[in-house]
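1. Whatever this is, show me its structure:
(one chain, ligands or ions: 2)
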Amino acid sequence: KGTTREQRALKYLKEHAREGDPDSVLETFDEFCRTQEWAMNAAEEKGDILDEIVRELRPTTCLELGTYCGYSAVRIARQLSPSARLITVEVNPDYAAVAREVVKLAGLQDKIEVINVDSGDVIRELKDKYDVTKLDLVFLDHWKYLYIRDIKLIEEEKLLKKGSVVFADNVIIPGAPGYLEYIRGSKNYNSTFYSVHFEYMDDMKDGVEKSVYIGDE
Ligand SMILES: O=C(c1ccccc1)c1ccc(O)c(O)c1[N+](=O)[O-]
Ligand SMILES: [Mg+2]
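-> Residues are numbered from 1 along each chain as shown. Ligands and ions are numbered 1, 2, ... in the order given. Modelled structure (predicted):
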């Protein structure tokens, strides 16, 4: 084949989605994953919860760890106000390249910045290099064992304020046990678990965790 699954998905999007229309890009990506090849997007059910969080929170500065092909980046950014922005971090260069194309196809390149680095490095640079003061929304969707390292780094950098939301995917499959124990045990967060289906698999249960920061700023 010579192509990767992510490149095949991008090709499908370019051929079937309406350019400049984020809703069309998302619908087309879901169609690709249901009819052609599975991909690890925060799809329908998880996406609906993410949509509701963004609508309610109206965040101005969002951080996503784990861009993959940009599905959730588009999902978040399509609801952001004109001056709001999303910084999304992807360590895999092939994924980052595809994500940049998907973001462009959706017409959201002015709201989304895809950074191809290790999340642990970029969190320390957000204030100085990326002009971030506080994060209103954090979406954890990268390697599951890194959730706990990175949330501690985010706290260390004092990037959260009262009301900031940390939303974590896959807390059941593949699972992030250390993270769940940490965040649920912390007095600095009020956490809510949502039982959802694993993306595109109607017979598999996963879970997402929404944690509202109530700690010191
Ligand atoms: O880790 C996997 C994984 C593991 C094994 C095979 C395929 C994917 C995964 C599965 C579902 C997700 O929603 C997700 O974000 C990830 N991920 O890599 O971050
Ligand atoms: Mg995920």
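
2. show me what contacts the residue of the chain found nearest ligand 1?
-> Proximity of the chain to ligand 1 (CB to the nearest ligand atom) peaks at residue 40, 3.8 Å away. C-beta coordinates here come from the backbone N, C-alpha and C atoms, glycine included. Residues near residue 40 by CB atoms under 8 Å, 6 or more residues apart in numbering: 68, 199.

3. Neighbours of residue 110, how many?
-> 10 (other CB atoms under 10 Å).

4. hmm, I was thinking of residue 152
-> As a measure of burial, residue 152 has 13 neighbours, counting by other CB under 10 Å.

5. Would you mind naming the helix or strand containing it?
-> Using DSSP states H and E, residue 152 falls within helix 147-156.

6. Show me what the following helix or strand past that helix is packed against.
-> Counting by DSSP H and E, the next helix or strand C-terminal to helix 147-156 is strand 160-168. Judged by 3 or more CB pairs under 8 Å, 6 or more residues apart in numbering; DSSP states H and E, strand 160-168 is in contact with helix 44-57, strand 135-140, helix 147-156, helix 177-185, strand 205-213.

7. Dump these into a markdown table; add distance to residue 16 and mean pLDDT as well.
-> Formatted as a markdown table, the helices and strands packed on strand 160-168 follow (distance: least, CB to CB, whole Å; pLDDT from 0 to 100):
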| stretch | distance to residue 16 | mean pLDDT |
| --- | --- | --- |
| helix 44-57 | 18 | 98 |
| strand 135-140 | 26 | 98 |
| helix 147-156 | 33 | 98 |
| helix 177-185 | 36 | 98 |
| strand 205-213 | 27 | 98 |
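
8. Including distance to residue 104, could those go into a markdown table?
-> Output for the helices and strands packed on strand 160-168, formatted as a markdown table (distance: least, CB to CB, whole Å):
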| stretch | distance to residue 104 |
| --- | --- |
| helix 44-57 | 20 |
| strand 135-140 | 20 |
| helix 147-156 | 27 |
| helix 177-185 | 32 |
| strand 205-213 | 28 |
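
9. Turn these into TSV, including distance to ligand 2.
-> As requested, the helices and strands packed on strand 160-168 are exported to TSV (distance: least, CB to the ion, whole Å):
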stretch	distance to ligand 2
helix 44-57	8
strand 135-140	9
helix 147-156	11
helix 177-185	13
strand 205-213	8
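
10. for those, which one ends up most surrounded?
-> strand 135-140 (a mean of 24; mean count of other CB atoms under 10 Å).

11. which residues touch the spatially closest residue to residue 107 that is not a sequence neighbour?
-> Among residues not flanking residue 107 along the chain, residue 20 sits closest, at 3.8 Å (CB to CB, 6 or more residues apart in numbering). By CB under 8 Å, 6+ apart, residue 20 lies in contact with 105-107.

12. Which members of these are positioned in helices?
-> 105-106 (DSSP state H).

13. and the residue of the chain closest to ligand 1, which of the three is it?
-> coil (DSSP: H, G, I helix; E, B strand; the rest coil).

14. Much appreciated, bye for now.
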